[in-house]
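Visitor: sequence first, then the predicted structure:
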Amino acid sequence: MDWNAYRKRLAWYQHDRFGMFIHWGLYAIPARGEWVRSIEKMAVEDYQKYFDAFDPTGYDPKEWAKLAKHAGMKYAVLTAKHHDGFCLFDSKLTDYKSTNTKAGRDLVREYVDAFRAEGIKVGLYYSIIDWHHPDYPHYGDNIHPMRDNEAFKDHAVQENFDRYLDYMHGQVREICTNYGQIDILWFDFSYGQMSGEKWRATELVRMVRSLQPNVLIDNRLEASGEGFGSLLTDNPTEYSGDFVSPEQIIPPEGIVSQKGEPVAWEACITLNNNWGYNVHDHNWKNAKTVVRKLVECVSKGGNLLLNVGPDAKGRIPKESVKILTEVGDWMQRNSASIYGCGISSIPRQPWGCVTESETDIFLHVYEDTVGPIPLKGLKKENFKLIQFESDGAEIQLKPSWTTGNYPEYMYIPMGADTFGSYALPDEMNTVIRMVKA
């Protein structure tokens with residue numbers, strides 16, 4: 001791997017830290033999650049009714065983009081094709097696409113135009129799995145809807161996996177050719193023996209890099225949400241990707257290489273418990289949780305890719321809109337503690353997390369305090385200014401009889417006095433900026 005080129009193309013990503021994932025497709029109509037066809041073992045004929053009914057009259061990617069921008073998200077990733085094989089783009093290689101539904105148009109085109117107009121970098125998710133294509137393995141596969149259907153036992157004789165790979169590679173070429181600069185190409189996913197060169201992965205990545213030299217690629221040509229892949233080793237494969245993609249979990253200690261060095265990673269997390277729209281799932285994370293989990297990711301050197309699942313009409317659920325609006329209100333005041341920040345020299349504390357940039361250390365205080373906040377090993381002289389991030393108000397450090405027994409600590413008072421109990425100015429997450437001397 002050319003590590004200099006790698007670090008150069010990764011720079012914006014490790015600065016911006018926060019993105020929007022968008023899972024949307026035919027599965028929004030049954031509204032039972034994006035894996036509905038596999039879980040319920042639906043035949044392609046049974047799933048066809050959703051293709052026939054797909055008519056997203058409420059689809060307005062400009063509104064999606066405005067919401068993402070307000071939330072402080074700097075990039076977005078849309079499911080151009082999910083596992084069911086349905087394409088939101090005008091692929092010349094299939095009829096199973098949005099232009100042949102009642103929508104009658106290329107929905108990916110509208111997405112990239114809308115998000116770029118708001119200054120948001122655009123990514124496209126592409127599933128290397130395809131339950132619609134006749135040459136993708138059916139019977140005996142781990143996850144195909146027809147995996148247990150005896151009628152497909154002899155189907156493998158007709159399947160030609162190389163023909164499927166030609167199709168899959170061809171669609172990736174279309175994505176990399178027809179939509180201008182793509183900032184992220186998010187492949188999903190490898191499993192069991194379906195990994196690495198099974199996908200002709202080296203050939204695929206070389207083609208992608210030739211067409212989109214600056215694109216970032218995830219690690220799922222050789223891994224899934226369960227694995228890390230060779231990016232953590234001294235000799236990553238050509239298809240190792242640029243970042244690791246833990247799913248529905250924030251790594252307890254971040255992610256490091258075999259040498260113990262930090263590795264780029266991104267936690268992809270749902271706002272409720274489903275990626276695709278699920279009308280029955282009301283287990284929403286609140287804005288406080290989202291903000292604190294974003295901070296946790298950054299403090300461990302990672303990104304947060306937070307998902308929304310628009311409904312069958314193309315509208316982001318009102319609950320998601322409310323949450324992201326509140327997150328954005330916090331980001332308006334405190335985004336400097338996220339953008340351009342990463343792992344701090346100060347470890348996680350009992351009262352919260354710490355992020356750090358080249359010039360500043362940011363304390364993210366979650367709990368009301370009894371007395372001042374202790375920071376071991378730091379001195380007042382290490383900092384030019386200490387202030388609340390939300391309004392810029394200075395915090396004065398004063399000696400106090402309450403702290404004299406602990407000279408190895410620097411103490412930051414949360415109020416006018418160095419003693420007493422203080423309610424946080426921002427109950428969601430109070431941020432203190434410490435400007436390095």
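Guide: Happy to help now that I have it.

Visitor: spatially nearest residue to residue 57, not counting backbone neighbours?
Guide: Distances taken as CB to CB, 6 or more residues apart in numbering place residue 313 nearest to residue 57, at 5.8 Å, with adjacent residues excluded. Every C-beta, even on glycine, is put in place using the N, C-alpha and C of the backbone.

Visitor: look up how far residue 302 lies from that neighbour.
Guide: Residue 313 is 33 Å from residue 302, where distance means CB to CB, to the nearest Å.

Visitor: who has more neighbours out of those two?
Guide: residue 302 (27 against 13; other CB atoms under 10 Å).

Visitor: how about that one: what's its closest non-neighbour residue?
Guide: residue 265 (4.5 Å).

Visitor: give me the pLDDT for residue 420.
Guide: Predicted confidence (pLDDT) for residue 420: 65.

Visitor: quick one: the strands in the stretch 251-400 of the chain?
Guide: Remark: strands assigned in the stretch 251-400 of the chain by DSSP state E, counting those that start in this stretch are 265-270, 302-308, 352-356, 360-365, 369-370, 373-376, 383-388.

Visitor: output the contacting helices and strands for the first one.
Guide: Which is strand 265-270. When contacts are defined as 3 or more CB pairs under 8 Å, 6 or more residues apart in numbering; DSSP states H and E, strand 265-270 sits against helix 287-299, strand 302-308.

Visitor: switch the cut-off to 7 Å
Guide: Packing partners of strand 265-270 (3 or more CB pairs under 7 Å, 6 or more residues apart in numbering; DSSP states H and E): strand 302-308.

Visitor: just the mean pLDDT for the strand it packs on, thanks.
Guide: Per-residue scores along strand 302-308 average to 98.

Visitor: quick one, helices of the stretch 201-350 of the chain?
Guide: Secondary structure of the stretch 201-350 of the chain (DSSP state H, counting those that start in this stretch): helices at 201-211, 287-299, 318-334.

Visitor: most packed of those helices?
Guide: Highest mean neighbour count of the helices of the stretch 201-350 of the chain: helix 287-299, a mean of 22 (counted as mean count of other CB atoms under 10 Å).

Visitor: what sits up against that helix?
Guide: 17-18, 250, 267, 269, 303-304, 306, 323, 326-327, 330, 338, 341-344, 348, 353-355, 364, 366, 428-429 (CB atoms under 7 Å, 6 or more residues apart in numbering).

Visitor: which of these are buried? Put it as a ChimeraX command.
Guide: Buried residues within those, by 16 or more other CB atoms under 10 Å, are selected in ChimeraX with:
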select :17,18,250,267,269,303,304,306,323,326,327,330,338,341,342,343,344,353,354,355,364,366,428,429
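
Visitor: how far away is residue 163 from residue 170?
Guide: 11 Å.

Visitor: actually residue 69, not the one I wrote
Guide: Taking CB to CB, one finds residue 69 at 33 Å from residue 170.

Visitor: which one's more surrounded, those two?
Guide: residue 69 (18 against 14).

Visitor: measure the nearest residue to the more buried one once chain neighbours are set aside to residue 15 for me?
Guide: Closest residue to residue 69 apart from its sequence neighbours, by CB to CB, 6+ apart: residue 118 at 4.7 Å. Residue 118 sits 18 Å away from residue 15, taking CB to CB as the criterion.
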